[in-house]
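**Student:** pasted the sequence and its predicted model underneath.
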Amino acid sequence: GKKLGVERYVKAARRGMDYFRKKPDLIKFKPELAELSHYFGYMMEALVDLGEVELAKKGLQQALSLQKDDGSIPAYPGVDWVCATGVAQLAIAWYKLGINKPADRAMAYLEKIQNPSGGFYGGYGKNVQYFDKKEICWAVKFFIDASLLKEQARR
């Protein structure tokens with residue numbers, strides 16, 4: 001709305017953000033919410049982009065608490081598999097906030113699991129429930145976005 005100079009779009013976005021800001025589970029990364037890291041990543045990046053930095057930081061703190069030493073983040077809290085797209089999206093949100101260490105660890109993990117083709121399966125690990133053994137284009141898209149932000153953070 002701001003870019004187009006259309007106030008009704010700005011107002012609509014504010015109404016939507018006001019509605020979602022009141023939701024008690026907006027920034028909760030919990031398995032009972034069926035909150036795949038991919039969807040959680042969308043929400044965290046959107047919060048950053050909408051200027052809801054403190055909310056995004058609170059949500060990202062949950063992902064950080066689950067991040068393993070190798071940089072991986074479970075697809076859902078408590079599972080033994082990773083959604084590649086979600087890891088990349090969480091890295092994007094961290095980079096946008098200037099929180100580079102967990103983002104760098106996430107990227108190192110993604111670089112380690114990247115398929116020889118350059119693509120990514122939806123998930124990696126035990127009992128994957130998201131595009132097991134299927135390369136998905138959106139994982140690559142978010143990996144490239146995160147890679148660009150990583151390069152910008154180095155400058």
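**Tutor:** Sure, I can see it.

**Student:** now do the lengthiest helix in the chain: distance to the chain's middle.
**Tutor:** Ordering each helix of the chain by length in residues (DSSP state H) puts helix 137-154 first. For helix 137-154, the separation from the chain centroid amounts to 11 Å (computed by Cα atoms, centre = their mean, to the nearest Å).

**Student:** show me which residues of that helix are buried.
**Tutor:** By neighbour count on 16 or more other Cβ atoms under 10 Å, the buried set for helix 137-154 is 139-140, 142-143, 145-147, 149-150. The way it works is simple: take the backbone N, C-alpha and C, and place the C-beta from them, glycine included.

**Student:** which pLDDT does the model give the nearest residue to Glu35 once chain neighbours are set aside?
**Tutor:** Spatial nearest neighbour of Glu35, excluding adjacent residues (Cβ to Cβ, 6 or more residues apart in numbering): Phe29 at 5.6 Å. pLDDT recorded at Phe29 is 86.

**Student:** so Phe29 makes contact with Ser37?
**Tutor:** Yes. Between Phe29 and Ser37 there is a contact under Cβ atoms under 8 Å: 7.4 Å.

**Student:** mutual contacts of those two, please.
**Tutor:** Ala63 (Cβ atoms under 8 Å, 6 or more residues apart in numbering).

**Student:** can you pull out the low-pLDDT segments for this structure?
**Tutor:** For the chain, applying pLDDT under 70 flags the ranges 31-34.

**Student:** all strands for it, in order.
**Tutor:** 81-83, 123-125 (DSSP state E).

**Student:** of all those, which lies closest to Ser72?
**Tutor:** Minimum separation from Ser72 across those (Cβ to Cβ) falls at strand 81-83, 4.9 Å.
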